[in-house]
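>>> Here is my input, please return the structure:
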Amino acid sequence: MQNNHSPKELMLDRKLDMLLNRIIGENSELTQLPLTLLDKLIRDEEIQEMQDFANNVAISRLGFNDHGPVHMRTVCYNALKMMYILHTQGIQTNLEKEGPGCFEDSILAVMTASFLHDIGMTVSRQDHELYSGIIAFSVVDRILKELLPDPHDIRRRIIIRSMVLEGIIGHMGTHKVHSLEAGLILIADGCDMTKGRARIPMEINTRPMVGDIHKYSANAIDKVSITRGEERPVRIRVFMSSEVGFFQVEEVLLQKIMASPIRDLVELYAGVEGMDMKRYQ
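Sure, this is the predicted structure:
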């Protein structure tokens, strides 16, 4: 069955495809598996329905910002971009450094965790990261068996699945994570805070609700830039139209960076456009 994706989803699908092709093209040890996985994650009907309903709960029921397919694709793109920047500077993932896996396994784990990290919103906002892990377990198993069907790949599937679950459960910073892979998900999630993410709840909710400060703060964020840093490997810059955006930076993104195992690899700057940027990290 062909899923009906929104124009924003399709745009992000193309961006992910381009980024993966670039990463694969520059690393001869990589196969086409990341592209095959992307196609599976995009086309999987169960994943799409869970992402859509998570968004329904977040926006229509709770009045929060986007927690659906666009957000999860954005997190995937952010995480892969940071992973790519780190890899070009010789920084290994935990699976590479510790030996049980390789760079490609880390890519597969980060992609899968990104696409599934908020599906627990289908159940509850409170502890949704834990519900996401519970719900994702069988989905991850199924996807990985389709991707790596050889019975001899069982060890590889178990290792990737473990990394996926760490990334999902750790993405709120409420449960400590220890790998670079999970740390990327944590920060990538915090980086998705531009005004586009708050557009729908800003339009449909007119009465005061819990979470309003996040919507108004996110609505002040014009752009989040992830590039190679100067003093540290990764530089994140947040451009905003008003100072209310500092709430989102200081209470969400900065907290996630500080909880991440890769916090020392990241520079963070934020500021109102036309004014000097404040350095946090």
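>>> Mind listing what's buried along stretch 144-161?
144, 147-148, 156-157, 160-161 (16 or more other C-beta atoms under 10 Å). Where C-beta positions appear, they are placed from N, C-alpha and C, glycine not excepted.
>>> And stretch 111-128, by the same measure?
Going by neighbour count (16+ other C-beta under 10 Å), the buried part of stretch 111-128 is 111-123, 125, 128.
>>> gap between the two ends of it?
19 Å (C-alpha to C-alpha, to the nearest Å).
>>> Also stretch 51-63?
Stretch 51-63 has its terminal residues 16 Å apart, counting by C-alpha to C-alpha.
>>> show me where the protein has strands.
Secondary structure of the chain (DSSP state E): strands located at 221-228, 234-240, 266-272, 278-279.
>>> Could you dump those into a markdown table and include mean pLDDT, mean neighbour count and distance to residue 171?
Converted to a markdown table, the strands of the chain look like this (pLDDT from 0 to 100; neighbours: other C-beta atoms under 10 Å; distance: least, C-beta to C-beta, whole Å):
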| stretch | mean pLDDT | mean neighbour count | distance to residue 171 |
| --- | --- | --- | --- |
| strand 221-228 | 96 | 17 | 17 |
| strand 234-240 | 97 | 22 | 16 |
| strand 266-272 | 97 | 20 | 16 |
| strand 278-279 | 95 | 13 | 25 |
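>>> I'd like to know which of the ones you listed lies nearest to residue 178.
Closest approach to residue 178 among those is made by strand 266-272 (16.6 Å; C-beta to C-beta).
>>> Could you list every helix and strand in contact with the closest one?
Secondary-structure packing of strand 266-272 (3 or more C-beta pairs under 8 Å, 6 or more residues apart in numbering; DSSP states H and E): strand 234-240, helix 245-248, helix 254-259, strand 278-279.
>>> And these: which comes nearest residue 176?
Using C-beta to C-beta, these put helix 254-259 closest to residue 176, at 7.5 Å.
>>> The nearest residue to residue 226 once chain neighbours are set aside: how many residues sit nearby?
Of all residues not flanking residue 226 in the chain, residue 81 sits nearest, at 5.2 Å (C-beta to C-beta, 6 or more residues apart in numbering). Residues lying near residue 81 (other C-beta atoms under 10 Å) number 19.
>>> Quick check: residue 81 touching residue 19?
Yes. At 6.5 Å, residue 81 counts as touching residue 19 under the criterion of C-beta atoms under 8 Å.
>>> Might you report the residue contacts of the closest residue to residue 261 other than its chain neighbours?
Spatial nearest neighbour of residue 261, excluding adjacent residues (C-beta to C-beta, 6+ apart): residue 183 at 4.2 Å. Residue 183 makes contact with 170, 177, 260-263, according to C-beta atoms under 8 Å, 6 or more residues apart in numbering.
>>> separation between the most centrally placed residue in the chain and residue 183?
In the chain, the centroid-proximal residue (C-alpha atoms, centre = their mean) is residue 75; its distance is 2.4 Å. The gap separating residue 75 from residue 183 is 13 Å, by C-beta to C-beta, to the nearest Å.
>>> if I pick residue 76, what's in contact with it?
16, 110-111, 114-115, 188.
>>> coming back round to it: could you dump the strands of the chain into TSV and include distance to residue 132?
Shown next, in TSV, are these (distance: least, C-beta to C-beta, whole Å):
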stretch	distance to residue 132
strand 221-228	23
strand 234-240	24
strand 266-272	24
strand 278-279	33
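>>> Would you mind measuring from the closest residue in space to residue 246 that isn't next to it in sequence to residue 237?
Among residues not flanking residue 246 along the chain, residue 270 sits closest, at 6.7 Å (C-beta to C-beta, 6+ apart). Relative to residue 237, residue 270 is positioned 7 Å away (C-beta to C-beta).
>>> Next, show the common contact partners of the two.
With C-beta under 8 Å, 6+ apart as the test, residue 270 and residue 237 both reach residue 277.
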